[in-house]
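# after the sequence you'll find the predicted model.
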Amino acid sequence: MTRRTTFRPQFEVEITEAASWYEVQRSGLGRAFLESVDECVSAITENPFRFRKVHGETRRAPVGRFSYGLIYNVVEDEIVLLACMHSRRHPRRWQDRR
């Protein structure tokens, strides 16, 4: 089954902010972060049930070597990417986005 993938606006903002922060830390690291996010999104779309549930039906997929996870829901024929969260942030930051 092919599912449509949608991105919440805040998800895109969080990815941009994280990539910018990494780029300031070291040139090229922001691009590496974005590539890891793309790989993670691909893994989610290939098999959305592969990653563990973190709250109800909401799942978290780790972003490669970075301390971030992509938070998402699978709703019928759609994958909804809710947040890109650092592993040390409190989960309540994304829980109201479901």
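Looks like it came in fine.
# where in the protein is pLDDT low?
Applying pLDDT under 70 to the chain flags the ranges 89-98.
# spatially central residue for it, please.
Computing the C-alpha centroid of the chain and ranking residues by CA atoms, centre = their mean puts L70 first, at 2.0 Å.
# need the residues that contact the strand or helix carrying S36.
S36 is located in helix 29-46, with elements delineated by DSSP states H and E. By CB atoms under 8 Å, 6 or more residues apart in numbering, the list of residues contacting helix 29-46 from outside reads 3, 5, 15, 18-24, 50-51, 61-66, 68, 70, 72, 79, 81, 84. Bear in mind the C-beta positions are built from the backbone N, C-alpha and C, glycine included.
# now do 7 Å
Under the criterion CB atoms under 7 Å, 6 or more residues apart in numbering, residues 3, 5, 15, 18-20, 22-23, 50, 61, 63-66, 70, 72, 79, 84 lie in contact with helix 29-46.
# in that helix, what's buried?
Across helix 29-46, burial judged by 16 or more other CB atoms under 10 Å covers 30, 32-34, 36-37, 40-41, 43-44.
# beta partners for the residue nearest to the centre of the chain?
Each beta-bridge partner of L70 is listed here, defined by DSSP bridges: A61, C84.
# just the buried residues of helix 29-46 now: which is nearest E57?
Taking CB to CB as the measure, E57 sits nearest to I44 out of those, at 14.0 Å.
# any idea how far S27 is from that closest one?
As judged by CB to CB, to the nearest Å, I44 and S27 stand 28 Å apart.
# what does R50 give?
Using CB to CB, one gets 33 Å for the distance from R50 to S27.
# and the helices in the chain?
Counting by DSSP state H, the segments of the chain that form helices are 9-25, 29-46, 92-95.
# of those, which is nearest G56?
Set against G56 and scored by CB to CB, the helices of the chain come closest in helix 92-95, at 9.2 Å.
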